[in-house]
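> structure here, sequence nowhere to be found:
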């Protein structure tokens, strides 16, 4: 496979093609469920759900590897849809507290079982060891790009 990297125009293109297939599967499911939801919205909405009470906008930025401007734009859109509320923390006027509304919780409840099936589909045919190796390799590739001074 490593000798095929040039054949597939580089590892980045290959990763991007796979990521697009995964994202397309999620978007098709959102559409089937009648939800006007983007991948970015789902990732952030689900992260708010996972982090629970007292999650801040900066927590979302740190935990999702998205920049502040993108996160703010996506949060604004979800606020307009009535899925989350954005208020200031008591005694801390610098940070925004994000909370799911009942409508936001309903989106989570609707999608979560389907997202679980989509995640299982991604690893179908892989045993535990293969999947752990896959994650280690992805982490290693990411680490190879983390330190810019070590770049070739």
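Here it is on my side, so go on. These numbers come from a predicted model, not from an experiment.

> my read: residue 25 touches residue 118, true?
Yes - in this structure residue 25 lies within contact range of residue 118 using CB atoms under 8 Å: 5.7 Å. The way it works is simple: take the backbone N, C-alpha and C, and place the C-beta from them, glycine included.

> now the lengthiest strand in the chain: buried residues?
Assignment by DSSP state E gives strand 92-100 as the longest strand of the chain. Buried residues in strand 92-100, counted by 16 or more other CB atoms under 10 Å: 96, 97, 98, 100.

> how about low-confidence regions in this protein?
1-9, 147-152 (pLDDT under 70).

> find the centremost residue of this structure, please.
residue 43 (3.7 Å; CA atoms, centre = their mean).

> in stretch 15-23, what's buried?
So, applying 16+ other CB under 10 Å, stretch 15-23 has no buried residues.

> now what about it, what contacts it?
39, 118, 122 (CB atoms under 8 Å, 6 or more residues apart in numbering).

> now do stretch 117-133
So stretch 117-133 is contacted by 22, 25, 26, 29, 134 (CB under 8 Å, 6+ apart).

> distance check, the first one against residue 30.
So the one you mean is residue 22. Relative to residue 30, residue 22 is positioned 13 Å away (CB to CB, to the nearest Å).

> which residues do those two both contact?
Joint contacts of residue 22 and residue 30 (CB under 8 Å, 6+ apart) do not exist.

> if we can go back for a sec, check which helices and strands the longest strand of the chain is in contact with.
Contacting strand 92-100 under the criterion 3 or more CB pairs under 8 Å, 6 or more residues apart in numbering; DSSP states H and E are the following elements: helix 39-51, strand 55-56, helix 57-64, strand 84-89.

> let's have these in JSON lines, adding distance to residue 74.
JSON lines is the format used below for the helices and strands packed on strand 92-100 (distance: least, CB to CB, whole Å):
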{"stretch": "helix 39-51", "distance to residue 74": "5"}
{"stretch": "strand 55-56", "distance to residue 74": "14"}
{"stretch": "helix 57-64", "distance to residue 74": "9"}
{"stretch": "strand 84-89", "distance to residue 74": "10"}
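
> I figured residue 37 hits residue 30, correct?
Yes - taking contacts as CB under 8 Å, residue 37 lies within contact range of residue 30: 4.6 Å.

> thanks again, I'm all set now.
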